[in-house]
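>>> Have a look at this fold, sequence not included:
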């Protein structure tokens, strides 16, 4: 009785490649993407217009743009530990890191971070060493 069942299971693996072409499902599907505002890194300018609210289980793309007015970074280890980073895109190059602690811009440019929001809570991203509220963005994952 076990062998016919095992043979049937293995026969499913022998289907043509087109039969297995299901595309993305679940958390990486196009129906699971949320929108979020970008962040601008510029000396003396606010990072965003206000706090950012995300939903756990949704995929987002964070676009960070630096205008080159200074060597600026963003840190937020709590936030980066509450998400799963799918990819970081810099100048068309895709990087698939295990995790992030911070990012830094030495000159003008754009970086896109595609991630899955996982752990609900309140987090922040900020310019290291800054104390002003405009140099910090609050991010909540619900």
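Now that the structure is in, tell me what you want to look at. Here the structure is a predicted model, which is why all the values come from computation and not from measurement.
>>> what ranges do the helices span in the chain?
With DSSP state H applied, the chain shows helices at 2-13, 77-81, listed in chain order.
>>> Check those helices for me: which has the lowest mean pLDDT.
Of all these, mean pLDDT reaches its minimum on helix 2-13 (a mean of 53).
>>> do you know how far the residue nearest to residue 119 when sequence neighbours are not counted is from residue 142?
Counting by Cβ to Cβ, 6 or more residues apart in numbering, residue 119 lies nearest to residue 82, which is 3.9 Å off, once chain neighbours are set aside. All C-beta atoms are positioned from the backbone trio N, CA, C, and that covers glycine. In this view, residue 82 and residue 142 are 12 Å apart by Cβ to Cβ, to the nearest Å.
>>> Skip the chain neighbours and tell me the closest residue to residue 48.
Closest residue in space to residue 48, ignoring its immediate chain neighbours: residue 137 at 4.9 Å, by Cβ to Cβ, 6+ apart.
>>> Contacts only, for the one you found.
Applying Cβ atoms under 8 Å, 6 or more residues apart in numbering to residue 137 gives the contacts 39, 47, 48, 51, 52, 124, 125, 126.
>>> what residues are up against residue 91?
Applying Cβ under 8 Å, 6+ apart to residue 91 gives the contacts residue 109.
>>> how about 10 Å then?
Counting by Cβ atoms under 10 Å, 6 or more residues apart in numbering, residue 91 touches 109, 110, 111.
>>> Can you turn the buried part of these into a PyMOL selection?
Applying 16 or more other Cβ atoms under 10 Å to these, the buried members can be selected in PyMOL as follows:
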select buried, resi 111
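>>> Check what pLDDT residue 19 gets.
48.
>>> burial of residue 78, as a residue count?
Neighbour count of residue 78, defined by other Cβ atoms under 10 Å: 14.
>>> So what sits opposite the nearest residue to it once chain neighbours are set aside in the bridge?
Of all residues not flanking residue 78 in the chain, residue 123 sits nearest, at 4.8 Å (Cβ to Cβ, 6+ apart). Residue 123 has these beta-bridge partners by DSSP bridges: residue 139.
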